[in-house]
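Colleague: Sequence first, then the predicted structure:
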Amino acid sequence: MNNRLKLATLACAISIALSGCSQSSNPTTHTEVQSQQVQQVKTYNAKTFFDTTSIMGSSFSPTGDKVLVSSDESGIYSLYEVDVKTGNKTRLTNFADSTYPIRYFPNDERVLFTKDSGGNERYHVYVQELDGTVKDLTPGDETRASFAGFTKDGSQFFITSNQRDAKFMDLYRVDSKTYKIEPVYQNTLGLDVGAISPNGRYIALSKSNTNKDSDTFILDTFKKTLKPQLISKHDTPAQYTPETFSVDSKYLYYSTDAKGEFSQVWRYDLASGEHSAALKDDWDVSFIYFSKSGRYQVSGINADASTKVTVINTQTGKEIAMPQLPAGNLRGVSFAADERTMAFYLNSDTSPSNLFVWQVGSNEAKQLTNTLSEDINQNDLVASTIVRFKSFDGLEIPGVLYKPKQASSTNKVPALIWVHGGPGGQSRTGYSAMQQHLVNHGYAIFAVNNRGSSGYGKTFFHLDDKKHGTDDLQDIVYGKKHLQSLDWVDADKIGIMGGSYGGFMTAAALAFEPEEFKVGINIFGVTNWVRTLNSIPPWWESFKKALYDEMGDPATDGERHRAISPLFHAKNITKPLMVIQGANDPRVLQVESDELVAAVKANGVPVEYVLFDDEGHGFTKKENRISASNAYLNFLDTYLKERFGPQS
């Protein structure tokens, strides 16, 4: 994971999808057309939108007859097996906390999965045995662990854990039968495990030097010294990040932005030490990996806020011909062990991810899930458009725009600027029940990818370094000005909302540009950078330097951090504010939101505070997502639409 993605881990995991709609061409007057359009848009409540099922994971069982997924259909993410032939699901886990799939064991149907406790982000690695019993392979109240891959023969797998030192993730080898754990690499240098060769011999490690520069190392476990070898020597700052090994363990594939604005994938020959280009595009190459035998190469490009996935037959060098599919973007592509069957998801602005399986080469793929609520007509939802505008200094800023179907020049709608998480995140296309709920109720949403967002080149990404709450905030303000130029937006009714870093930007907008936005919704947002940067989780140690390059070192930049922290300027906030907070949030501590709410209330300003006792930095439980979405809508109806009184 490169520094851009590491810095974006502050982001709240909220997907964004924005809309546009075409006008009717019926031979009636313009006013009649708009009236008809409003009548034709059925609105749905939050419960109906979140009756939609979120699903993830696509690991095949060893025989290829089942796919392991995690689904929140019960209200919380649990593991299920999906039958490839029938689509029938069998529930495997039933914990109070969400469980997320890792994969089946290669040679039997034992399952590896991960979960934390109450949103504390201390994830453990668990195994579910064939008889259904569960074993925590990485116990410890303070332990954080992750899965790092199987050897090709399945006899061993690897995990990383900070059990020895809370700051650093060490690498361990686990016997697949006995679960005996042996240390492989003690991480005293602040490196991160990036990839492990299928034969288990080579470990690719990365090190963050600054937020513009990182290195890749190779550790040969057959050598007694266990000293990582630097393979990314370079003179000017650049990112070098391990991606994957070839299936024959002869090559390492890594990503780098050393060759231009965007990340490319290069190949390193472990025997000769030669580097060669493997994959490049006019956008960032997001990932690359291979099927078990190496016959298929799967790669993804972050193309203007959408992921474009390509599957190549490495024997022919040609892209495989997929069958006719519904509209949407591929994600989560995986192959069965015999490589005859492929599983994947399709996701679009108007359709949540659905699981498909395809017999490679056949004329039709089988859809195994229907995740959109059966009570929602997909035609009532909206697709996004990519929009660009000029900011205060002439810089072109991209964004993703939803236009409610009710909107027209004769039926102007209120609007919201949405700010993504980060710093360094990106608002992207794709389904979001929360956003579609608001758009369905007549709120335009413009997800602005302000300077500092990932996906638009390294120059754009670094334009906000140590300028947070200033230049990036002006991009948001100019995004609002763009909305005001649209003849279907009510120019006097524009609010701002966002999660994590976007929550900070929301509070900053109300504190530092108090007349720009009519309301603000701060979701898990940073409001006191002095406290936040002095209380980051210990496992962020490996990229703390990169974070400080981005945000400033609290030891030397404390005055600036105080200057940009909305909490210390809360006296300026005069517009209605909503704050959403998880009591177990390890990134944005509850005390931050408590203090902001108290400070703004002291101004005599309407404040609504929603605290979830069983969440961390984001939502894992469906009932909480429903409660939050209802709260958003009621708040906006009251203070942005100004519909005072009981709401239906």
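Modeller: The structure has been received and is ready for your questions.
Colleague: Kindly state the pLDDT recorded for K6?
Modeller: We have a pLDDT of 45 for K6.
Colleague: same question but for R110, I mixed them up
Modeller: Looking at R110, its pLDDT reads 98.
Colleague: Next up, the contacts around it.
Modeller: R110 is in contact with Y104, V127, Q128, E129, L130, counting by Cβ atoms under 8 Å, 6 or more residues apart in numbering. Placement of C-beta: from N, CA and C, glycine included.
Colleague: Among those, name the buried ones.
Modeller: Judged by neighbour count, with 16 or more other Cβ atoms under 10 Å as the criterion, the buried members of those are Y104, V127, Q128.
Colleague: next structured bit after the helix or strand encompassing the second one?
Modeller: Taking DSSP states H and E as the definition, V127 sits inside strand 124-128. Beyond strand 124-128 in the direction of the C-terminus, DSSP H and E gives the next helix or strand as strand 134-136.
Colleague: which residues are contacting that following strand?
Modeller: When contacts are defined by Cβ under 8 Å, 6+ apart, strand 134-136 is touched by residues T93, H124, V125, Y126, V127, Q128, E129, Y179.
Colleague: Among those, which one lies nearest to I626?
Modeller: Using Cβ to Cβ, T93 comes nearest to I626 of the contacts of strand 134-136, at 22.0 Å.
Colleague: Please name the residues that touch the closest residue to D141 other than its chain neighbours.
Modeller: Of all residues beyond its chain neighbours, the one nearest D141 is R122 (7.6 Å), with distances taken as Cβ to Cβ, 6 or more residues apart in numbering. Residues in contact with R122 (Cβ under 8 Å, 6+ apart) are D116, D141, E142, T143, R144.
Colleague: go with 7 Å
Modeller: Taking Cβ atoms under 7 Å, 6 or more residues apart in numbering, we find R122 in contact with D116, E142, T143, R144.
Colleague: In those residues, find the pair that's most separated.
Modeller: D116 and E142 (12.1 Å).
Colleague: Show the pLDDT at I14.
Modeller: Here the pLDDT value assigned to I14 is 30.
Colleague: Check the one 10 residues further on too.
Modeller: pLDDT, S24: 29.
Colleague: And N363, by the same measure?
Modeller: In this model, N363 carries a pLDDT of 94.
Colleague: and the gap between it and I445?
Modeller: Distance of N363 to I445, given as Cβ to Cβ, to the nearest Å: 39 Å.
Colleague: One more: M342?
Modeller: Distance from M342 to I445, by Cβ to Cβ: 34 Å.
Colleague: When those two are compared, which one has more neighbours?
Modeller: I445 (29 against 24; other Cβ atoms under 10 Å).
Colleague: any idea which element the more buried one lies in?
Modeller: strand 444-448.
Colleague: residues in contact with that strand?
Modeller: Contacts for strand 444-448 (Cβ under 7 Å, 6+ apart): 16, 18, 397, 399-404, 407, 413, 415-420, 427, 435, 438-439, 475-476, 479, 483, 489.
Colleague: mind listing what it pairs with, with the direction of each?
Modeller: According to DSSP bridges, strand 444-448 forms sheet pairs with strand 396-402 (antiparallel), strand 413-419 (parallel).
Colleague: Quick check: which of these is buried the most?
Modeller: Burial of the strands paired with strand 444-448 is given as mean neighbour count (mean count of other Cβ atoms under 10 Å); strand 413-419 ranks first at a mean of 28.
Colleague: quick one: average confidence on it?
Modeller: 98.
Colleague: next one: stretch 522-541
Modeller: According to the model, stretch 522-541 has a mean pLDDT of 88.
Colleague: Quick check: buried residues in that stretch?
Modeller: 522-533, 536-537, 539-541.
Colleague: Show me the helices in the chain, by range?
Modeller: Along the chain, counting by DSSP state H, helices occupy 3-7, 30-40, 46-49, 433-440, 458-461, 471-484, 501-512, 529-534, 544-551, 558-564, 590-601, 622-639.
Colleague: The fifth one: how far from the chain's middle?
Modeller: It stands for helix 458-461. The chain centroid and the centroid of helix 458-461 are separated by 19 Å, computed with Cα atoms, centre = their mean, to the nearest Å.
Colleague: got it, and stretch 202-210?
Modeller: Offset of stretch 202-210 from its chain centre (Cα atoms, centre = their mean): 22 Å.
Colleague: got it, and stretch 618-636?
Modeller: Put simply, stretch 618-636 sits 19 Å off its chain's centre (Cα atoms, centre = their mean).
Colleague: Rank the helices and strands of the chain by mean pLDDT and give me the bottom one.
Modeller: Among the helical and strand segments of the chain, the one scoring lowest on mean pLDDT, DSSP states H and E is helix 30-40, with a mean of 42.
Colleague: Give me the buried stretch members for stretch 221-229, please.
Modeller: Within stretch 221-229, the residues scored as buried using 16+ other Cβ under 10 Å are T221, P228.
Colleague: Need the distance between the two termini of it.
Modeller: One end of stretch 221-229 to the other measures 11 Å (Cα to Cα, to the nearest Å).
Colleague: what do you get for stretch 581-593?
Modeller: Across stretch 581-593, the terminal residues are separated by 7 Å (Cα to Cα).
Colleague: That stretch - what's its average pLDDT?
Modeller: The average pLDDT for stretch 581-593 rounds to 91.
Colleague: Ok, stretch 472-486 next?
Modeller: For stretch 472-486, mean pLDDT is 98.
Colleague: ditto for stretch 132-149
Modeller: Stretch 132-149 carries an average pLDDT of 96.
Colleague: Tell me the buried residues in that stretch?
Modeller: By neighbour count with 16+ other Cβ under 10 Å, stretch 132-149 contains the buried residues L137, T138, T143, R144, A145, S146, F147, A148, G149.
Colleague: which ones are touching G457?
Modeller: Taking Cβ under 7 Å, 6+ apart, one finds E261, F262 in contact with G457.
Colleague: now swap in the one 5 residues further on and tell me
Modeller: With contacts taken as Cβ under 7 Å, 6+ apart, H462 has the following neighbours: K212.
Colleague: give me that answer again for 8 Å
Modeller: Taking Cβ under 8 Å, 6+ apart, we find H462 in contact with N211, K212, G452.
Colleague: one step back: closest one of the contacts of strand 134-136 to G618?
Modeller: Nearest member of the contacts of strand 134-136 to G618, counting by Cβ to Cβ, is H124, at 18.4 Å.
Colleague: Phi first, then psi, for the nearest residue to that closest one once chain neighbours are set aside.
Modeller: For H124, ignoring the flanking residues on the chain, the nearest one in space by Cβ to Cβ, 6+ apart is T138 at 4.6 Å. Note on T138: its backbone torsions stand at phi -130, psi 60 [degrees, to the nearest 10].
Colleague: can I assume T138 is in contact with D116?
Modeller: No - T138 is beyond contact range of D116, at 11.5 Å (criterion: Cβ atoms under 8 Å).
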